[in-house]
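In: show me the folded form of this:
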Amino acid sequence: MATVLPFHSEIVRFLERHHYQRVTPRAALIDMDGTLYDSMKNHTASWYRLISEAGIPCTRDEFYLYEGRTGASTINALVNRAWGRDATDEEKTEMYHKKTVYFNELPPVEPMPGAFEMLNLLKEMGLRRVLVTGSGQNSLLSRIDTDFPGIFDPGMRVTARDVKHGKPHPEPFIRAMQLARVSPSQSIVVENAPLGVEAGNKAGAFTVGVVTGPIPVEEMERAGAAVVFPSMEAFAEALPTLIFSLLSTSIDPL
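Out: Numbering: from 1, shown residues only. Model (predicted):
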């Protein structure tokens, strides 16, 4: 009886859904907030403070569901919901500036446990690494090369300033594929939020969901995650096996 590789059913399901014969990983496209940094508590606190002060009803947990959007997109969605109109450019600029001030007033965030190990494994296996974030938060972006030295080559990042459409639109990941010079079937996306997972899946990449906050596994699967891990540490531990299984699995093209 043939041995079934780990993650075989998940990989086959992904291949059938995207009409691929196989996935040959050449690049990893990696989210930042909630993936590389344990930063979402600070983001939700600063968003909640900002939006509450603006008189817009909201809850703290709903901001986990906005994760991955650009700041301007989040503000526009909330203003539209509350006041029935789009936010003006001035409102977006002023409100996001306040949100940044509130974020920077909070204690510094730490790298996500398991993130450095995961990134080093990707580097050792020869996959190109591209940072893909909906954030424009310089306080974190400026730390990437210090906290994760030698991981991201110069220019290998896509931020809110580089795209017209943020997640869940696939543009950020399509742009990252262009930077890495890979096709969708040569790409792996690493995300912790449903909107990011949706964007990676729409871009055609094998998208890994990592649960690092209150979002349930089912939400990640509904968004299109090919496989979901309960923590970054669990993903790092399973990563070599996952890559081996991806390289070893193929189906007849439809």
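In: element containing Tyr48?
Out: helix 40-53 (DSSP states H and E).
In: which residues touch that helix?
Out: Outside helix 40-53, the residues within contact range by CB atoms under 8 Å, 6 or more residues apart in numbering are 33-34, 58-61, 63-64, 66-67, 74, 78, 95, 98-100, 102-103, 105-107, 109, 192, 212-213. All C-beta atoms are positioned from the backbone trio N, CA, C, and that covers glycine.
In: buried stuff in whatever helix or strand comes next after that helix?
Out: Using DSSP H and E, the helix or strand that follows helix 40-53 towards the C-terminus is helix 62-65. With burial defined by 16 or more other CB atoms under 10 Å, the residues of helix 62-65 counted as buried are Phe63, Tyr64.
In: need the helices for the stretch 1-150 of the chain, in chain order.
Out: 8-18, 40-53, 62-65, 71-83, 89-105, 115-124, 138-141, 144-147 (DSSP state H, counting those that start in this stretch).
In: same for whichever helix or strand comes after the last one, what does it pack against?
Out: Once helix 144-147 ends, the next helix or strand along the chain (criterion: DSSP H and E) is strand 157-158. Applying 3 or more CB pairs under 8 Å, 6 or more residues apart in numbering; DSSP states H and E, one finds that strand 157-158 contacts strand 128-132, helix 171-180.
In: now with 6 Å, please.
Out: Strand 157-158 is packed against helix 171-180, with contacts defined by 3 or more CB pairs under 6 Å, 6 or more residues apart in numbering; DSSP states H and E.
In: the bottom helix or strand of the protein by mean pLDDT?
Out: Within the chain, confidence by mean pLDDT, DSSP states H and E is lowest for helix 138-141 among all helices and strands, at a mean of 84.
In: state the mean pLDDT of stretch 62-78.
Out: Mean pLDDT, stretch 62-78: 88.
In: quick one: contacts for Phe229?
Out: Contacts here follow CB atoms under 6 Å, 6 or more residues apart in numbering; on that basis Phe229 touches Val210, Phe235.
In: try the one 3 residues further on
Out: The contact partners of Met232, taken as CB under 6 Å, 6+ apart, are Met112, Gly114, Ala115, Val210.
In: neighbour-wise, which one of the residues you listed leads?
Out: If you count neighbours using other CB atoms under 10 Å, the busiest of the contacts of Met232 is Val210, which has 29 neighbours.
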